[in-house]
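1. Here you go, sequence then predicted model.
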Amino acid sequence: MKKLINDPADVVKEGLQGIAAAHADRVRVMTDPNVIVRADAPVQGKVGLVSGGGSGHEPMHGGFVGMGMLDAACPGEVFTSPTPDQMLAATKAVDGGAGVLHIVKNYTGDVLNFEMAADLARDEKIEVEAVVIDDDVAVQDSLYTAGRRGVGTTVLAEKICGAAAEQRRSLAEVAGLCRKVNANGRSMGMALTSCIVPAAGNPTFELGPAEMEIGIGIHGEPGRERRQMAPAREVVEMLATPIVEDLPFRSGDRVLAFVNSMGGTPLIELYVLYNDLRKFLAARGIEPVRTLIGPYITSLEMQGCSITLLKLDEELTALWDAPVDTPGLRWGA
Amino acid sequence: MKKLINDPADVVKEGLQGIAAAHADRVRVMTDPNVIVRADAPVQGKVGLVSGGGSGHEPMHGGFVGMGMLDAACPGEVFTSPTPDQMLAATKAVDGGAGVLHIVKNYTGDVLNFEMAADLARDEKIEVEAVVIDDDVAVQDSLYTAGRRGVGTTVLAEKICGAAAEQRRSLAEVAGLCRKVNANGRSMGMALTSCIVPAAGNPTFELGPAEMEIGIGIHGEPGRERRQMAPAREVVEMLATPIVEDLPFRSGDRVLAFVNSMGGTPLIELYVLYNDLRKFLAARGIEPVRTLIGPYITSLEMQGCSITLLKLDEELTALWDAPVDTPGLRWGA
Amino acid sequence: MPISDSQISDWIRAFAAAVAENKKYLTELDSAIGDADHGINMSRGMQAVLAKLDARQAADIGDLLKTVGMTLVSTVGGAGGPLYGTLFLQMGTSAAGKPELSDDEWAAALAAGVAGVQRRGKAEPGDKTMIDALVPAVEAVKSALAEGSALDEALRRSAEAAREGMTATIPLVARKGRASYLGERSANHQDPGATSSWLLLQAAADTLAAKDSQQR
Amino acid sequence: MPISDSQISDWIRAFAAAVAENKKYLTELDSAIGDADHGINMSRGMQAVLAKLDARQAADIGDLLKTVGMTLVSTVGGAGGPLYGTLFLQMGTSAAGKPELSDDEWAAALAAGVAGVQRRGKAEPGDKTMIDALVPAVEAVKSALAEGSALDEALRRSAEAAREGMTATIPLVARKGRASYLGERSANHQDPGATSSWLLLQAAADTLAAKDSQQR
Ligand SMILES: Nc1ncnc2c1ncn2[C@@H]1O[C@H](COP(=O)(O)OP(=O)(O)O)[C@@H](O)[C@H]1O
Ligand SMILES: Nc1ncnc2c1ncn2[C@@H]1O[C@H](COP(=O)(O)OP(=O)(O)O)[C@@H](O)[C@H]1O
Ligand SMILES: [Mg+2]
Ligand SMILES: [Mg+2]
Ligand SMILES: [Mg+2]
Ligand SMILES: [Mg+2]
């Protein structure tokens, strides 16, 4: 296992200490339980935004704490959802009297832990709403699954809801907006290599030198199918076709196109992919009016990518463009 | 070779097309010869900033074109310095009447090509100054080498000089500032894995499963020595000790600490490294008052990191904090 | 002879030991159809539980079980944390204020715990989850006691039912949890959660009944 | 019998062919002590030169050589581009306006080209660069002609001197270019640039002299 770490058991703790020290101007890190909080939390009169999930997806979620995005993030162990006491502590720390929104990725663990946390917070008289993000078209949404996973759209929802909360919109409005983003966002991912969970020490799955895994999640779990390596333009088609067909995205739609690295894929490849994606979209009359290209929701050092499309209207576009000032996403501030 | 590309020969071209499409609001991409230019270039009365180098280091340099940083970048083939005609075209495109600064990384190829370009530009009556960045302490600076390589400090110099140029400082002043940044910045890098140049198709060097290469450059070239894998805190010591001793950085110094991924190392590991770096610095009384943590000057998908320290004074700090609006670095705008 | 507070402690310690011993095995089962952490997570949680038990002041069994539940909830994470946490929390509620448990009170507590897991996770038997081991275990202990079996026999039958339920998950296609994303690819693998649940019931048979017969 | 414009073309084409043939070899030499691109870069440049030659209008030799130089400068990049570009540009200046070259004019043009490379790259013989092949080649052609040798003999001795210079780079520790970063680790490897320079001089011996003797 080749990693720039010390003891595998200390990765999350030391990573948090690093974040705390590097971004002391923006965030405060609480330990026992672990929570990353906006330095100026709670912001009075503002809906508090809390998210969280397993570690190993950096910059999500801790890197998105700050003005215009999250008020707090709860980092779990690597790829393991955090616990209710973290979420409760986060919720209490960011409650500015206007209620708290939990943005939850749809995994059984995340959902159950956030549910317990919301119950506990309500016991303490904090108004809490939860919205579950489930945008991964690789999972058949049916009675026979735990539902679609929450992936790339989570980042976009956190940004957009963060902007709305800064405008002092109500908890009901911000939650409604979060559901709207989720309803209009679709994602799918793939891997060229597995990642290695530090505590496990070896790759979660094995791929041959000419194989790739299509429809993966973000926890190193196996995907929908294994295929022979293909050129970027075919990979884009494999990912973008189910995305576009699912919503469906139609000619004339204006979208935010998000090309994400799973961690080990470098930027130049993301631009090659985006070049193929824009052609794919152009052929269908879909216009990418905003882009986000880089490693934003990762799986440790996994090589691979995911594509997310979010259908934009004027409201979402304006909220996307609004200032944001976090370690991982920053503009206008 | 596992890469998300089409034909290896088209990586640079398609990457540029992707950049052009993704960031049309900020940059314009010229082809034949390849140049990435600020959308609003030339900015009248402002010193034009041009840099360039081989591709494969993204976001450097193309991702740093925009308000407050570069006016143009010249992308060469992967890891091969660009050609004088690119640099000439860039220089002409950004000349707003106040002269043009070439920020050149110290590699024989980059230096010679930029020299020829400067001669050609002067023939066309454009005032050109060039500053060579040579901050890599892994190279013994002596009569017996081509001198130190230009690495991480380049990113910082581009940001800081870009801010000074926005303030309409003169060419002499901006060039002087660039030399000052170079004089106060030191870097060193290491690799856990080799990268694969697309046109070559196999790793530039081979490392055993428990080996790492210390003192590498950014082109997949071998480093100063090969060692057994070590914990992050020891890696930090191996890199930071020669950096601190070289300038030297002294107790009481305020620095910008830049922990960079070579491309394949994920953010969580950079934070673990930064956590060890801040302890290393604290033990020496050196205070990191600004941080930059992420993949900013990369070697394709190489796993590894580099550390850069820049000694700050008030002038440099203020220029670092000034607004910047590029695809790769953005704040305050 | 009722089940004592110290026997419940022994049961928890025996479960912790079984989880530690099977940490790699549980994680391997989870890498085939999940995310390769079930053993790591449960073992982290049970180590925390052991630390709590060692530091614990004497109190009633309800209190003991709630402490276990709370500790699991706040240290395990993932799906396993809230589910096992709920199991012990609900058992604790059922046993609230009791310094010892009769056979029927044990069966009632277990049933309450498993019902809590079902309410929280919404899984039915056959969904390929821990429920496939837990529900048969509750039924077995209840019907054994109803038939007049002694506690050791009832616990033995309960653990045996859990083992069978666990094995029966192998051919199933998962409909809950992370394994459900795999669809048909989830068949032919044993569910990790059902496996840890069997370890829990087996630990009960080994500790509660063993002491019970010694003390008889 | 002077060297004609079409012989110079043949020389360039022969060099392009030799570079294409040795593309992998040159790149391998460069991966040992550089960045694994010398063959790729030179071959990209010489392919561009061939395209230019095919499209070219008849003009003088100076013009031809300058076209080669400009094309290399704008297509090769790295250290090789400006250095080989300068070589041909300076040869072109030396041969400006000439429809054919006498033996001495050839030697003078080559010397001017190599002097240009030295001015640009500041390398001395012994620094483990292309200069180690080029400087002996110039000296050899000059002294052969001074001794009264025919052109074919002079070119042969020039190519032979380049080959020896190339081989002599093997034990050297590099002091210029990318290989210098390796310090002592650069010894025991042949310099890629010196190798391509030998190919250039060998191509001259094969083309300029061969035709020369046929036409004599
Ligand atoms: N909805 C559910 N109800 C009951 N048990 C479940 C449910 N979802 C998952 N499980 C159980 O949880 C186990 C996985 O636990 P664990 O690996 O700790 O959590 P995660 O899936 O979050 O990584 C599964 O093997 C399954 O038995
Ligand atoms: N200063 C110099 N003067 C002359 N030749 C040089 C100099 N620096 C490098 N070279 C030559 O250039 C060759 C490398 O060329 P190439 O690989 O194309 O460029 P780069 O080093 O930029 O990748 C070396 O083998 C050496 O012969
Ligand atoms: Mg998990
Ligand atoms: Mg090169
Ligand atoms: Mg799991
Ligand atoms: Mg080279």
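-> Everything's here; your move. Ligands and ions are numbered 1, 2, ... in the order given.
2. where's C:Ala137 relative to ligand 3, distance?
-> When distances are taken as C-beta to the ion, to the nearest Å, C:Ala137 and ligand 3 turn out to be 24 Å apart. Any C-beta I mention is one placed from the backbone N, CA and C, and that applies to glycine too.
3. Phi first, then psi, for that residue.
-> Dihedral pair for C:Ala137: phi -70, psi -40, per degrees, to the nearest 10.
4. Over to the one 3 residues further on?
-> Reported as degrees, to the nearest 10, the phi and psi values for C:Ala140 are phi -70, psi -40.
5. Assign a three-state SS to the nearest residue to it once chain neighbours are set aside, would you?
-> Spatial nearest neighbour of C:Ala140, chain neighbours left out: C:Ala161 (3.7 Å); criterion: C-beta to C-beta, 6 or more residues apart in numbering or on different chains. Classification of C:Ala161 into helix, strand or coil gives helix, according to DSSP: H, G, I helix; E, B strand; the rest coil.
6. Report the distance from stretch A:26-35 to the chain centre.
-> The chain centroid and the centroid of stretch A:26-35 are separated by 19 Å under C-alpha atoms, centre = their mean, to the nearest Å.
7. buried stuff in that stretch?
-> When burial is assessed from 16 or more other C-beta atoms under 10 Å in any protein chain shown, stretch A:26-35 yields the following buried residues: A:26-30, A:33-35.
8. looking only at pLDDT, what's the mean for that stretch?
-> Stretch A:26-35 shows a mean pLDDT of 96.
9. what's the straight distance from one end of that stretch to the other?
-> One end of stretch A:26-35 to the other measures 14 Å (C-alpha to C-alpha, to the nearest Å).
10. So is it next to chain C?
-> Yes. Residues of stretch A:26-35 are located near chain C by C-beta under 8 Å from any C-beta of the partner chain, namely A:Pro33.
11. Skip ahead from the helix or strand encompassing A:Arg226 and say which helix or strand is next.
-> A:Arg226 belongs to strand A:225-228 when elements are defined using DSSP states H and E. As assigned by DSSP H and E, the chain's next helix or strand after strand A:225-228 is helix A:232-246.
12. Show me what that next one is packed up against.
-> Contacting helix A:232-246 under the criterion 3 or more C-beta pairs under 8 Å, 6 or more residues apart in numbering or on different chains; DSSP states H and E are the following elements: strand A:185-191, strand A:211-214, helix A:267-283, strand A:304-311.
13. quick check: angle from the third one to helix A:232-246?
-> With axes from the mean of the first three to the mean of the last three C-alpha atoms, to 10 degrees defining the directions, helix A:267-283 sits at 50 degrees from helix A:232-246.
14. And stretch C:186-199, what's buried?
-> Judged by neighbour count (16+ other C-beta under 10 Å), stretch C:186-199 contains these buried residues: C:186-187, C:189-199.
15. Okay, now the sheet partners of the strand holding A:Arg226, with direction.
-> strand A:211-214 (antiparallel) (DSSP bridges).
16. Just give me how far the strand it pairs with sits from the chain centre.
-> Once both centres are worked out by C-alpha atoms, centre = their mean, strand A:211-214 turns out to sit 22 Å from its chain's centre.
17. got it, and stretch A:4-16?
-> Using C-alpha atoms, centre = their mean, the mean C-alpha position of stretch A:4-16 is found 21 Å from that of the whole chain.
18. Next: stretch A:32-45.
-> Centroid separation for stretch A:32-45 versus its chain: 19 Å, with C-alpha atoms, centre = their mean.
19. For residue 84, give me the pLDDT.
-> Defaulting to chain A. The per-residue pLDDT reported for A:Pro84 equals 97.
20. if you could check chain C rather than the one you did, that'd help
-> Among the per-residue scores, C:Tyr84 holds a pLDDT of 98.
21. and the closest residue to it other than its chain neighbours, what does it touch?
-> For C:Tyr84, the nearest residue in space outside its immediate sequence neighbours is C:Leu72; the separation is 4.9 Å by C-beta to C-beta, 6+ apart. Contact analysis of C:Leu72 by C-beta atoms under 8 Å, 6 or more residues apart in numbering or on different chains lists C:45-46, C:48-49, C:81, C:84-85, C:88.
22. ok so, going back, just the helices and strands packed on helix A:232-246: most buried one?
-> The densest packing among the helices and strands packed on helix A:232-246, expressed as mean neighbour count by mean count of other C-beta atoms under 10 Å in any protein chain shown, is seen in strand A:185-191 with a mean of 28.
23. hey, C-alpha coordinates of it in PDB?
-> Extracted C-alpha coordinates of strand A:185-191, given in PDB (Å, rounded to 0.1, in the frame of the first residue of the first chain):
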ATOM      1  CA  GLY A 185     -29.400  16.100 -11.100                       C
ATOM      2  CA  ARG A 186     -28.200  12.800 -12.400                       C
ATOM      3  CA  SER A 187     -24.700  11.100 -12.100                       C
ATOM      4  CA  MET A 188     -22.800   8.100 -13.100                       C
ATOM      5  CA  GLY A 189     -19.200   7.000 -12.400                       C
ATOM      6  CA  MET A 190     -16.500   4.600 -13.500                       C
ATOM      7  CA  ALA A 191     -13.100   3.300 -12.400                       C
END
